Structure formats: structure tokens, C-alpha cells
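> Next input, structure requested:
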Amino acid sequence: MSASTPPELPTERPVRVGRTALDIAVAFAVEASLLWAVTDGRIDWPTALAGHLAFSLILVLFAVWETRRGRETRLLSWLAWMTLTLGPGGPVATALLAAMTLVFSRSARPFEEWYESLFPDDHESRSELLYRRLLEGREDAVAEGSVNSLTDVLFTGTTRAKQAVVALLARRFRSEFAPALQMALADPEASIRVQAATAASTIEERYHATRIELEDAVRAAPQDADALLSLARHLDDYAYAGVLDDDRQRSVMADALTAYRGANRRLGAREDIDLAIGRLMLRLDMIDEAEMHLSGLAMRCEDPRPTLWHAECLFRLRRFDDLRLVLDDPKLAQLGLSEEYTGINPVINLWQISALTAFQPLEAEP
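Residues are numbered from 1 along each chain as shown. Sure thing, here's the model as predicted:
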């Protein structure tokens, strides 16, 4: 995250015209009275000038006093200065200024909006945006964030920001955020680890409660393919949530595979279901079955992931000649352009070099 922080903008306070209206009226009455008294011969000019200066001093002291009380005194300060310099014309000028302020304030842009239009922050990264939203308590922060942004905050953020991440994960958790949860569980700060452990327990309880509801729905309507598919997808997410130990994760994966197969039989061959079945078979070490399933899926599917998983199956089966042929598939190069799979291209290049040099991987010792 960037160490630079935006400049602190001055706080904009609206001009309170109504509060100054009485001050303007009093000032005009006093100054007009002094002018009338002089012109009518009731007092001489030195006395009127002394009265004018005394009243102007009172206005200045009153403005200072109101400022110390925390009142907005821009119009009052203007009234004091204009009355001192213009006499009766000062309150009149201030009244005109107050009237214009009322008219123009209805269409005036706030200072923050004006400043941001002059200096837009076009280079704010996703991590910085997420960090700011977390500190603002925005509930959509996780929904709009990515796992990389979350881990950035957990790696470089303050304790307050980390706590905000974990709290939002507990409320808005999705299986793709599992790496962020695991990172919070291993955080150096004990308070973050405890909060993350509590969040993991809450997430697991929520997954388990939803699983029971979906299983009840499947038992109530055994032929409902949509209910079975919903259960399969939920179990799939549950397995990858990062809140289960290895044995329970494999058990949930096996249950998800069974549910996917059942849904596939009822709904017919569907690419998204076949994709999930092949991935789960691979993760459950059903390598021979996964290889057969993924080889056919890779040929008829535009999605490059079955080709990648098929290559993994061939590697684990030590069928290196077939693996080199699969790695020549242009879909893998296309997949390597995405941020999530940037490590694919170096691996493909290494295998292509090995094919040119007739290099064969060493066989594992018995």
C-alpha cells in the first residue's frame, strides 16, 4: 500500500446568515442614529466620531468573543470591519453580502468536491480503496474487494484495519477469501489470531447449518435436481472455505462429488458440473478417473482449466510425453495471461525446452 496520504482538506463550515441578521440591524440602527444626531445638530462631529469608534470596538470585541465560543463569524467580522470604515454604509454592504450568500449557496459546490475535481486521485490502488472503505466501516468493502486486496491489508495494515478485515470476512465470507482467513489465523498479533479463530468458528457453523437445510431439502424431494445441485455447490464451497482440517475437507469433497454426480445424472451432461467433478476427482487423488474425465472435457470445453488439470493428472501419472503434447495447447498460454495463473508460462517454457533437449525427468526411487 502506498505510504503517501492525501492532504488534509479544510473543514467547510456554512455561513450562518440568520444569526448575523440581528447584528446587522443593530449596527445599522446605531450608526444611522449617530449620523442623524450629527446632521440634526444634537451632537458635534468629535462626539459622533468617538461614538462610532467605540461602537466599532464593541463589534470587534464581540466578534472575537463569538469566535472563541466556536461560532462561525465570517459575516460578523466583515460587519465589524465595514462598519469601522464605512459607518452606516457598513451594515448595508454586509446585508447585501448576506443576501448574495443566501442566493449563491444554493448552487455552490462544496470545497471537497471542488478540490477533488482539480486533483482527482486516479492512482488509488484496489488495496488503498479497500483500506479506506474498511476504515469507513463500509459493508460493501469485501464484496467489492479481491483476495489480493484483503491479504494486502492483512500484511501491511494497522491493527484496526486488520480487525475490520476479519470482522467483514466473518459477515461476508466467500470461499475465495479463504487465503485471507488463513493469513489472519497466522497473524503475528494475538488479538487478530483470536478474532480470526472466532470468525472461522462462526463461518463453519454457518456452513454446517446451511448444509443441514439443503440436505433436508434433498431428502424431501429426492428427484429435485436443482436441490441436489445446490447441495453440491454448497459442499464444494464448504470444502474450500479453509475452516476444515484435512480429513474433514476430503470427506466434504467426497460428499460434494457424490452430489454433483447425482445432479449430472438428472440434469444431463453440463459443462459446469463436469468441470467441478473433474476438479474434485483430482483433489481426491482419483487420478486415473480424473485423467479420463478431464481429457474428454478439455477437448470439448472452451474453458482452459480442464486442460491445465489434465496436464496435472498426466504429470502425476508420469506420462511425460503426453504431458508435453497437452502443454502445447494454446488455451494454456491464454490462461497464463490472467493474474491468477501467471506461473503457468514459465512451466510451459521449461517443458518445451526439455522436449528440445530430449530431457527425461528422473524416475522416483522405489
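
> Counting neighbours, what do you get for the closest residue to Leu181 other than its chain neighbours?
Leaving aside its sequence neighbours, Leu181 sits nearest to Gly242 (C-beta to C-beta, 6 or more residues apart in numbering; 5.3 Å). The way it works is simple: take the backbone N, C-alpha and C, and place the C-beta from them, glycine included. Look at Gly242: counted by other C-beta atoms under 10 Å, it has 19 neighbours.

> Assign the residue sitting furthest away from the middle of the chain to helix, strand or coil.
Farthest-out residue of the chain from its mean C-alpha position, per C-alpha atoms, centre = their mean: Gly41, at 74.8 Å. Under DSSP: H, G, I helix; E, B strand; the rest coil, Gly41 falls in the coil class.

> Can you give me the pLDDT of it?
Here the pLDDT value assigned to Gly41 is 81.

> what sits against it?
Gly41 makes no contacts at all, as judged by C-beta atoms under 8 Å, 6 or more residues apart in numbering.

> Give me the pLDDT for Thr85.
86.

> So what's the gap between whichever helix or strand it is part of and the chain middle?
Using DSSP states H and E, Thr85 sits in helix 74-86. Distance of helix 74-86 from the chain centroid (C-alpha atoms, centre = their mean, to the nearest Å) equals 48 Å.

> What is that helix packed up against?
helix 17-39, helix 45-68, helix 89-104 (3 or more C-beta pairs under 8 Å, 6 or more residues apart in numbering; DSSP states H and E).

> and it with helix 17-39, angle?
Counting by axes from the mean of the first three to the mean of the last three C-alpha atoms, to 10 degrees, helix 74-86 points 10 degrees away from the direction of helix 17-39.

> Any buried residues in helix 74-86, and which?
For helix 74-86, a neighbour-count test (16 or more other C-beta atoms under 10 Å) marks Leu75, Leu76, Ser77, Trp78, Leu79, Ala80, Trp81, Met82, Thr83, Leu84 as buried.

> so the fourth one makes contact with Thr94?
Okay, so that is Trp78. Yes: counting by C-beta atoms under 8 Å, Trp78 does reach Thr94; the two are 5.7 Å apart.

> Residues touching the helix holding Thr85, excluding its own?
By C-beta under 8 Å, 6+ apart, the surrounding residues in contact with helix 74-86 are 15-17, 20, 23-24, 27, 31, 53, 55-56, 59-60, 62-63, 66-67, 89-91, 93-94, 97-98, 101.

> how does it look with 7 Å?
Taking contacts as C-beta atoms under 7 Å, 6 or more residues apart in numbering, the residues outside helix 74-86 that touch it are 15, 17, 20, 23-24, 27, 31, 56, 59-60, 63, 66, 90-91, 93-94, 97-98.

> Only alpha carbons, please: show stretch 310-327 as CSV.
What follows is stretch 310-327, C-alpha atoms only, in CSV (Å, rounded to 0.1, in the frame of the first residue of the first chain):
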residue,chain,number,x,y,z
HIS,A,310,-5.5,-32.8,-17.3
ALA,A,311,-1.8,-31.8,-17.5
GLU,A,312,-1.5,-32.2,-13.7
CYS,A,313,-3.0,-35.7,-14.0
LEU,A,314,-0.5,-36.7,-16.7
PHE,A,315,2.4,-35.4,-14.6
ARG,A,316,1.2,-37.4,-11.6
LEU,A,317,0.8,-40.5,-13.8
ARG,A,318,4.4,-39.8,-15.1
ARG,A,319,3.1,-39.8,-18.7
PHE,A,320,5.6,-37.1,-19.7
ASP,A,321,5.4,-37.4,-23.5
ASP,A,322,1.6,-37.0,-23.3
LEU,A,323,2.1,-34.1,-21.0
ARG,A,324,4.3,-32.2,-23.4
LEU,A,325,1.7,-32.5,-26.1
VAL,A,326,-1.0,-31.1,-23.8
LEU,A,327,1.2,-28.2,-22.7
